[in-house]
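# just the structure for this:
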Amino acid sequence: MKIGLLLDPYGEKSPGGLGRAIFEMARALQAADSKNTYIVYTKKTMGVTSLFLQGARKMDRNLDLYIFFNPIVPLFLFPKRAIMVVHDFAYLELPGRSLLQKINGAALYCAHALSLRKATKIIAVSHTAKESTIRHFGTNPDKINVVYNGFISLDGAPEPMPAPDNFFLFAGVLKERKNVAGIIRAFALFAKTNSSHELLIVGKQGGVYADSLATLARELGVESRIRFLGYVSDGQLAYLYNKAQALVFVSFIEGFGMPVLEAMHAGLPVITSNSGALAEVAGDAALLEDPAVPQTIASAMSRIASDASLCAALKEKGLRRAKQFSWDENARQFIEVMSAL
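Sure thing, here's the model as predicted:
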């Protein structure tokens, strides 16, 4: 078969989790499949700014199958067969407050609804993502297969960077749904009875929400114990994973949650959310807390800081849990779905 792979987002200067996951899916699929021919499409190679409106003009309409790694099919493309990957619909779970956000959300919903109807098969990266698709779009459950992501294995040489002796770590894009403000509030509560730890926040900065986090830290009196490091390289992140006391990743909404597995693979204890995809991915290998209750997150920080045996147990469980996820297995299941069409 001739198969088109549409990668979006792709080629970002500082890629987030979604862009990295899409790249790894496409790479592993092509490496595992020697029977089919793949044609890769990106916005840059097609010379378009909007895949939904302009993409159809640049794509070969006669391919046997298309795989869309984000749930957007170009408006005037009617593929013979198409597989669509869904990650999350955060804009529906946490709708925008401003008029512009609401307009953009409504337009995106229409694009997603149309695209999901065009798909022959849908691959959800978690059962949570599958349930979200059914709930928001009324999609037939039989049309959706769950295929878990792998994670980015940070096995290269760590790149040292300035870091305190004792710290908790957040790694991810600074967005409201990542609940970074909740982590800062939790750390402020923890800091009332602990003077030895700091909080390091890693991820792309910029925008109103990111600016509000520094203000919040100042208002809570912990600005001197919180460091905003911005975007770091894989080597620097590996170094921080090796030195941190725990990863604190308690998002409100996630489609999967690669940082949880990255940290576990590095032998780092994890504090994460007690519901949704994060709880699904973490299993019993992390401390699961309510993301809406900073007091419980603070309590988990205290347990990690004071209980070496708990940390050792979480490390052992995390290493075992991470081994259950891989891009090779992701590709194998992708090919299985393709073969059944």
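# buried stuff in the helix-or-strand element of the chain with minimal mean pLDDT?
Each helix and strand of the chain was given a mean pLDDT (mean pLDDT, DSSP states H and E); the minimum falls on helix 51-58 at a mean of 87. Across helix 51-58, burial judged by 16 or more other CB atoms under 10 Å covers Leu51, Phe52, Gln54, Gly55, Ala56. In short, each C-beta sits where N, CA and C put it, glycine included.
# tell me which stretches of the stretch 101-250 of the chain form strands.
121-124, 144-146, 167-171, 198-202, 226-230, 246-249 (DSSP state E, counting those that start in this stretch).
# turn those into JSON lines, including mean pLDDT.
Below are these laid out as JSON lines (pLDDT from 0 to 100):
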{"stretch": "strand 121-124", "mean pLDDT": "98"}
{"stretch": "strand 144-146", "mean pLDDT": "98"}
{"stretch": "strand 167-171", "mean pLDDT": "98"}
{"stretch": "strand 198-202", "mean pLDDT": "97"}
{"stretch": "strand 226-230", "mean pLDDT": "95"}
{"stretch": "strand 246-249", "mean pLDDT": "98"}
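# for these, which one sits closest to Ala107?
Smallest distance to Ala107 across these (CB to CB): 20.7 Å, for strand 121-124.
# what's the least confident helix or strand of the chain packed up against?
Helices and strands touching helix 51-58, by 3 or more CB pairs under 8 Å, 6 or more residues apart in numbering; DSSP states H and E, are helix 43-46.
# quick check: which element contains Leu310?
Counting by DSSP states H and E, the element that carries Leu310 is helix 308-322.
# from the contact counts, what lies against that helix?
Using 3+ CB pairs under 8 Å, 6+ apart: helix 308-322 touches helix 258-265, helix 294-306.
# as TSV, the ones you listed with distance to Gly283 and mean pLDDT would be great.
Putting the helices and strands packed on helix 308-322 into TSV (distance: least, CB to CB, whole Å; pLDDT from 0 to 100) gives the following:
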stretch	distance to Gly283	mean pLDDT
helix 258-265	10	96
helix 294-306	16	98
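# which one of those helices is the most hemmed in?
Each of the helices and strands packed on helix 308-322 was scored by mean neighbour count; the highest is helix 258-265, a mean of 26, by mean count of other CB atoms under 10 Å.
# how far off centre is the helix or strand that comes right after that helix?
As assigned by DSSP H and E, the chain's next helix or strand after helix 258-265 is strand 270-273. Relative to its chain's centre, strand 270-273 lies at 14 Å (CA atoms, centre = their mean, to the nearest Å).
# list the buried residues for strand 270-273?
For strand 270-273, using 16+ other CB under 10 Å, the buried residues are Val270, Ile271, Thr272, Ser273.
# ok, now stretch 1-20?
By 16+ other CB under 10 Å, the buried positions in stretch 1-20 come out as 3-10, 15, 17-20.
# flag the least confident of those residues.
Least confident by pLDDT among those: that is Pro15, with 80.
# look up how far Gln245 lies from it.
27 Å (CB to CB, to the nearest Å).
# contacts for the longest helix seen in the chain, please.
For the chain, the helix that runs over the most residues, judged by DSSP state H, is helix 99-118. Applying CB atoms under 8 Å, 6 or more residues apart in numbering, the contact partners of helix 99-118 are 52, 68, 71-73, 75, 78-79, 82, 84, 86, 89, 91-92, 95-96, 122, 133, 136-137, 139.
# switch to 7 Å and redo it
52, 71-73, 78-79, 82, 84, 91-92, 95-96, 122, 137, 139 (CB atoms under 7 Å, 6 or more residues apart in numbering).
# ok, of these, which one's closest to Ile184?
Among the contacts of helix 99-118, and counting by CB to CB, the member closest to Ile184 is Gly96, at 22.2 Å.
# and this protein, what are its domains?
2-150+326-339, 167-322 (automatic domain parsing).
# in a markdown table, list those along with distance to Glu159.
Listed next are the domains of the chain as a markdown table, based on distance: least, CB to CB, whole Å:
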| stretch | distance to Glu159 |
| --- | --- |
| domain 2-150+326-339 | 16 |
| domain 167-322 | 3 |
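# winner for burial among these?
domain 167-322 (a mean of 20).
# any idea how far the closest residue to Met301 other than its chain neighbours is from Ser306?
Nearest residue to Met301, sequence neighbours excluded (CB to CB, 6 or more residues apart in numbering): Phe190, at 4.4 Å. For Phe190, the distance to Ser306 (CB to CB) stands at 11 Å.
# re the thing from before, so what's the gap between the helix or strand that comes right after the helix holding Leu310 and the chain middle?
Next along the chain after helix 308-322, taking DSSP H and E as the criterion, comes helix 327-339. Relative to the chain's own centre, helix 327-339 is displaced by 20 Å; criterion: CA atoms, centre = their mean.
# please name every helix or strand in contact with helix 327-339.
Judged by 3 or more CB pairs under 7 Å, 6 or more residues apart in numbering; DSSP states H and E, the packing partners of helix 327-339 are helix 17-32.
# touching the helix it packs on from outside, list them.
Taking CB under 7 Å, 6+ apart as the rule, helix 17-32 contacts 5, 7, 9-10, 12, 38, 40, 69, 87, 149-150, 152, 172, 258, 327-328, 330-332, 334-335.
# thinking again about what came up before, tabulate the strands of the stretch 101-250 of the chain (JSON lines), appending distance to Asn62.
Formatted as JSON lines, these follow (distance: least, CB to CB, whole Å):
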{"stretch": "strand 121-124", "distance to Asn62": "20"}
{"stretch": "strand 144-146", "distance to Asn62": "26"}
{"stretch": "strand 167-171", "distance to Asn62": "43"}
{"stretch": "strand 198-202", "distance to Asn62": "45"}
{"stretch": "strand 226-230", "distance to Asn62": "45"}
{"stretch": "strand 246-249", "distance to Asn62": "44"}
